[in-house]
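*Asks:* what shape does this take:
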Amino acid sequence: MSTIVNIPFDLLQPILIHLPDRRHLSAATLVSRAFNCAATPLLYRRLDSRVKRNILHHPSATLLKRPELAQYVWHVTETGAVQNLRQVIPQITEDIVAALRLCTNLTSATWVDDTATPEANFLPILDVLMTLPLRELTIRTQYDPGERVWARLNTIQGIRRLSVWSLEWGPPRVLQGWAHLLSSSLTHLELGRCAGVPATILVSVFMKLPLLQELCLKGAPSAAIPAIIACLPNLIALDTEYLGSGNYRTPLTPLPPILLPHQQTLKSFTLNAFAVHGQITIPRPFIVNLTDRHGKSLQDFAVGLAQLTLETVSYMCSTCPQLSTLECSVASPDVDSIAKAIEAGHNLQTLTLHVSWIPDGSVDLPPRFEKHSGPRAMYADFSHLSSEGKATRFTEEHARALMFQTRLRSIGIGDQSYTGRWVHRECSAEVGKEENVVLEVVGDPFV
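*Replies:* Numbering: from 1, shown residues only. All right, here's what the predicted structure looks like:
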């Protein structure tokens, strides 16, 4: 009889890697010798140090007692807060550094420090990190790490992922003097403080980082964004504030076409749009440019509260055959108009709309198509669910009718959301069929 302890060893790790937290991995090490051998490397793959209620939780003591475990460590998180315990543990820095030296397979490190002395705290750690095969580095400090730290950082090569967040004091750090050493490796970058850096400096830095695929910039001048994107031919994801001319009072400031990446295989476009005065509108020329370049590959389009016309929604659905997720704001006289706008979205599965219901006839609607019968009708007829000439609150009946006509299985309209799935329901014996497939729709208010 087969039991869990008889699972082939080479299958154990792929199974155990899905355990949700360290407690479960720790329990797995106690099951058997085979489980212990498979779970132990996963248990020590990621080690974090932290101080909670003046109690130090740090793996250095374990690694110094059992140095053979250090070979399994791939990622460490160190914190400057442990230095507050030097009066209790005078050798704390020496122990951490000694344990870190044992982690010869370390490829990823995170430094978190909210103390006022990040330079003194980080320098001993950095000296060791520079001797290891580091590929990912995250630095999150309340205060600037200091000139000595940056002088040493500027000599490290081979970093693929870099994140720098220094919230206060000191000059912004945007990789001047370091970018040329990272040009052959860096693909992911986060710079959390770029305010006050001239656009010319930012552009000169990013010209040396042609391999960047993901970029997060906070505080960068809006005027520099198009120029930065222009010199990053491999950019896939961009997270930044784009304020147009810098004046929130101009809600119709056009989005620059250069915000679109160069590749012809864009799958997801997300814009975290908000407005202080008025409604932000995504202009049709931008959508046309987007679909012309990426219509065949685009699957997800989410612009939050930014508004599209129903005509533009219809255009997107007809020109993006792979579109499966759509989120935006629209103005519509009724649910039937929304249904007609998305009827060409044959692969649309998730629809989230912030709707402004308006009197009939005051919004441009997509052309009316001839209605067809059958399970794949061109559009759903909601006339029996709406009162004449008046906008109707979106209900479960609307969601059910729309899901019957399309592949939609998740619909959010205003403050209501609905999910649907096909289920088998048993019929009575008098009916000559054993089962009947029905669409189950469940609705919940948005939180």
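
*Asks:* so which residues of the stretch 101-250 of the chain form helices?
*Replies:* Taking DSSP state H, counting those that start in this stretch, the helices of the stretch 101-250 of the chain run over residues 118-129, 147-153, 179-182, 199-206, 225-230.

*Asks:* give the rounded mean pLDDT of the last one.
*Replies:* Model confidence over helix 225-230 averages 82 on the pLDDT scale.

*Asks:* coming back round to it: got TSV for the helices of the stretch 101-250 of the chain, with mean neighbour count and distance to Asp415 too?
*Replies:* Backbone N, C-alpha and C define where each C-beta goes, glycine included. TSV is the format used below for the helices of the stretch 101-250 of the chain (neighbours: other CB atoms under 10 Å; distance: least, CB to CB, whole Å):
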stretch	mean neighbour count	distance to Asp415
helix 118-129	19	45
helix 147-153	16	48
helix 179-182	18	46
helix 199-206	17	41
helix 225-230	18	34
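
*Asks:* those helices: which one's closest to Glu78?
*Replies:* The closest of the helices of the stretch 101-250 of the chain to Glu78 is helix 118-129. By CB to CB, the value is 5.5 Å.

*Asks:* could you say what helices and strands that closest one packs with?
*Replies:* On a contact count with 3 or more CB pairs under 8 Å, 6 or more residues apart in numbering; DSSP states H and E, helix 118-129 meets helix 92-101, strand 108-113, strand 136-143, helix 147-153.

*Asks:* okay, domains of this structure per the record?
*Replies:* Taking automatic domain parsing as the reference, the chain has its domains at 1-43, 248-447.

*Asks:* returning to what we had before: how about the helices of the stretch 101-250 of the chain in TSV, adding distance to Glu190?
*Replies:* Converted to TSV, these look like this (distance: least, CB to CB, whole Å):
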stretch	distance to Glu190
helix 118-129	18
helix 147-153	15
helix 179-182	13
helix 199-206	13
helix 225-230	14
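
*Asks:* which stretches of this protein aren't confidently modelled?
*Replies:* In the predicted model of the chain, residues 1-6, 51-57, 242-264, 273-279, 360-392, 424-440, 443-447 satisfy pLDDT under 70.

*Asks:* follow-up on the earlier one: quick one: closest of the helices of the stretch 101-250 of the chain to Arg161.
*Replies:* Arg161 sits nearest to helix 179-182 of all these, at 10.6 Å, using CB to CB.

*Asks:* export the closest one to CSV, keeping only CA atoms.
*Replies:* The C-alpha trace of helix 179-182 is given here as CSV (Å, rounded to 0.1, in the frame of the first residue of the first chain):
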residue,chain,number,x,y,z
ALA,A,179,24.9,52.8,-14.2
HIS,A,180,27.7,52.0,-16.6
LEU,A,181,28.7,49.0,-14.4
LEU,A,182,25.2,47.7,-14.4
